[in-house]
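Participant: what shape does this take:
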Amino acid sequence: MARSRRKVQTPFGSRTDVGCVREHNEDSLVVAPPLYVVCDGMGGHAAGEVASEIAVDVVAQRAPRTADAAALGQAVEEANLAIIKAAREGVGRAGMGCTCTAAILDKERLVIAQVGDSRAYLLHQGRMQQLTRDHSLVTDLIEAGQITPAEARVHPQRSVITRALGSDPRTEPDLFELNVETGDRLLLCSDGLCTMLEDDRIEDILNSAADPQRCAAQLVNEANSLGGYDNTTVIVVDVTGLAEQRTRKITRRTRATAIMLIALLAAILVGAGFGLNYLVDNSAYLADDNGNVAVYRGVPGDLFGLTFSTLDRVTDIAVDDLQPGTANRLREEGIRVDGIDEANNLIKLYEAEITDKQQAEAQAAEEAAAAAAADNPDSAAEPDNANDGSNDAGTAAANNENADGADQAASPSPAGTTA
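Facilitator: Predicted coordinates for the structure are as follows:
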C-alpha cells in the first residue's frame, strides 16, 4: 500500500519568482486543495506584498471546501475589506491593493472568483482557453474595437487595471462556474507570465510538461529568460476527478493511523519498538545540512529527548539554489514526505528545476551575446589594428634591403599578376 502511494504523482505544482528586474516579490499564492489562489500586489515595497498576503490569508480562512461560487466570491469580498481596513490602521500603505484569482476544484466541478488581471486558463483536449476576463484598460479598448490584442501587448498603459482589491469597499469579483473533465489542466497565473509569454507558447508548455511542478517551473523559467520584467507566479493543477478524492481518503487514513500509533506508543511501552520501526521505514523528510539538502529517514524533532530519524545522505544540491520559499522550509522545519522513494523523487525534481533554470539563463546569455555581436560587427576587426605598429620595424627593414632594386621595381606589374 505504502509503495504504491509513493508512486502517485502530485496533481498540482506551483512556483513564484521575483523576476529579473524587480527587487521585491509582491505576489502571494495559496495551494491548499481544493483551493488555489494567486494574488499580485500593487503599491510598491511594503505595500503590494502586504496587500497580497492579507488577501491570500483571508481567502484561505473564509473560502468554502466545496465548489460554491457564491461563498468563494464572499471570501474575496472579505479580503477586499480587510485590505482597506489594514491601510486605514497603518498596516502597509494607503492605496495598496492587489489582484485576486481564486479557484476551487472539487472533483470535476470548477468555480473561480476573480478581480484584476491575474488569469485562469484551462487546457482541455490539448487546447488552452482563457477562463477569466482581465479588468484592465487595454481589455476595455480591445472590446471597444479601438486596439487589437497584438497592440495591447505593447500598449503604454497595458498595466493599468480597472478593478482591484483594496480600492473600493463595494468591489465584487467576477464569478465563473463550469464542469471540467479528468485529464484537463488548470493554470492560474499573475500577469508576469502572460505579459512575457504568448498564449501559444503557454499552451505548448502545458502540453509538453507532464509533471505539474515541472510545468510550473518551466513556465517561470521561460518568462525570466525573456526578461522577467515582473514578478511571476504560477499554479498548475491536473484534474483527476474521483482519483483525487480517493487519494485524499488514503491521506486521511494514513494520518489517522499515525495518530493512533503515537497514542499507542505513549500508553503501551511494549509497542515502542514496533512504532519506531514503522516511523523510520515509512516516513522521511528533507532538511538543511550545512547549506546542502539532506535526506533523513523517519520524522523530524524529538520526544522526551529521543529522536526518531537517521541521516540517509547529504546531496550536492545547495539550499541557496532553490526557490526562497522551499529554502526557508528546509532551514526552519524541513519538508516531510511519505518515504525515501518520494524523498528521492523530490530531489530529482529539484535537480531538474535547477538544470532548467541554468539552461534558460545560459540560452539567454548566448542570445544576448549574439545580439551584442550583431550590433557591433566591426569589433572583430579591432585586434588586427593592434598589429600595425608591431610590423612597422619589419617593414622598414624590408624596404632598406630592397632599396638597391628600386629601379627594377618601378615599372608596373602586368595586369592580373599578384605582387
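Participant: so, low pLDDT: which residues of this structure?
Facilitator: 1-9, 45, 243-247, 269-280, 303-305, 378-419 (pLDDT under 70).
Participant: longest helix in it, please.
Facilitator: As assigned by DSSP state H, the longest helix anywhere in the chain is helix 340-375.
Participant: can you give me the buried ones in that helix?
Facilitator: For helix 340-375, burial by neighbour count (16 or more other C-beta atoms under 10 Å) applies to 340, 342-347, 349-350, 353, 356-357, 360, 364. C-beta coordinates here come from the backbone N, C-alpha and C atoms, glycine included.
Participant: cool, and stretch 183-196?
Facilitator: 184-196.
Participant: ok, now stretch 146-156?
Facilitator: 147, 152, 155.
Participant: okay, the residues you listed in CSV with secondary structure next?
Facilitator: CSV is the format used below for the buried residues of stretch 146-156 (DSSP: H, G, I helix; E, B strand; the rest coil):
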residue, secondary structure
147, coil
152, helix
155, coil
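Participant: can you tell me which of those is nearest residue 336?
Facilitator: residue 152 (44.7 Å; C-beta to C-beta).
Participant: quickly find the element holding the residue lying closest to the closest one once chain neighbours are set aside.
Facilitator: Nearest residue to residue 152 in three dimensions, chain neighbours excluded: residue 138, at 4.0 Å (C-beta to C-beta, 6 or more residues apart in numbering). Using DSSP states H and E, residue 138 falls within helix 137-143.
Participant: same for that helix, what does it pack against?
Facilitator: helix 149-153 (3 or more C-beta pairs under 8 Å, 6 or more residues apart in numbering; DSSP states H and E).
Participant: show me what the helix it packs on is in contact with.
Facilitator: 138, 139, 141, 142, 158, 195, 198 (C-beta atoms under 8 Å, 6 or more residues apart in numbering).
Participant: my read: the second one touches residue 133, true?
Facilitator: Which is residue 139. Yes - Residue 139 is within contact range of residue 133, at 6.7 Å (criterion: C-beta atoms under 8 Å).
Participant: the two: who's more crowded?
Facilitator: Set side by side, residue 139 and residue 133 show more neighbours around residue 139, with 18 against 13, by other C-beta atoms under 10 Å.
Participant: report the separation between the closest residue to residue 351 other than its chain neighbours and residue 15.
Facilitator: Sequence neighbours aside, residue 317 is the residue nearest to residue 351 in space, at 6.5 Å (criterion: C-beta to C-beta, 6+ apart). Plainly put, residue 317 is 16 Å away from residue 15 if you go by C-beta to C-beta, to the nearest Å.
Participant: the two: which is more packed in?
Facilitator: residue 15 (23 against 19).
Participant: which residues touch the more buried one?
Facilitator: Taking C-beta under 8 Å, 6+ apart, one finds 213, 216, 217, 219, 220, 233, 234, 323 in contact with residue 15.
Participant: make CSV out of those residues and add neighbour count.
Facilitator: Putting the contacts of residue 15 into CSV (neighbours: other C-beta atoms under 10 Å) gives the following:
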residue, neighbour count
213, 20
216, 27
217, 27
219, 25
220, 29
233, 27
234, 27
323, 17
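Participant: so what's residue 349 up against?
Facilitator: Counted by C-beta under 8 Å, 6+ apart, residue 349 has contacts 211, 213, 214.
Participant: could you do residue 115 as well?
Facilitator: Counted by C-beta under 8 Å, 6+ apart, residue 115 has contacts 76, 80, 99, 100, 101, 135, 163, 164, 165, 171, 173, 174.
Participant: weed out the non-buried ones from those.
Facilitator: 76, 80, 99, 100, 101, 135, 163, 164, 165, 171, 173.
Participant: now those residues as a markdown table including distance to residue 41 and secondary structure?
Facilitator: Shown next, in a markdown table, are those (distance: C-beta to C-beta, whole Å; DSSP: H, G, I helix; E, B strand; the rest coil):
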| residue | distance to residue 41 | secondary structure |
| --- | --- | --- |
| 76 | 15 | helix |
| 80 | 14 | helix |
| 99 | 8 | coil |
| 100 | 10 | strand |
| 101 | 13 | strand |
| 135 | 16 | coil |
| 163 | 15 | coil |
| 164 | 10 | coil |
| 165 | 10 | strand |
| 171 | 16 | coil |
| 173 | 17 | coil |
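Participant: which of these sits closest to residue 310?
Facilitator: Once C-beta to C-beta is applied, the member of the buried ones among the contacts of residue 115 that ends up nearest residue 310 is residue 101, at 43.2 Å.
Participant: what's the closest residue to that closest one other than its chain neighbours sitting at in phi/psi?
Facilitator: Leaving aside its chain neighbours, residue 101 sits nearest to residue 118 (4.2 Å; criterion: C-beta to C-beta, 6+ apart). The phi and psi torsions at residue 118 (degrees, to the nearest 10) take the values phi -70, psi 150.
Participant: residue 118: neighbouring residues, count only.
Facilitator: Neighbour tally, residue 118, other C-beta under 10 Å: 29.
Participant: what's near enough to touch residue 222?
Facilitator: Taking C-beta under 8 Å, 6+ apart as the test, what residue 222 contacts is 196, 197, 201, 205, 360.
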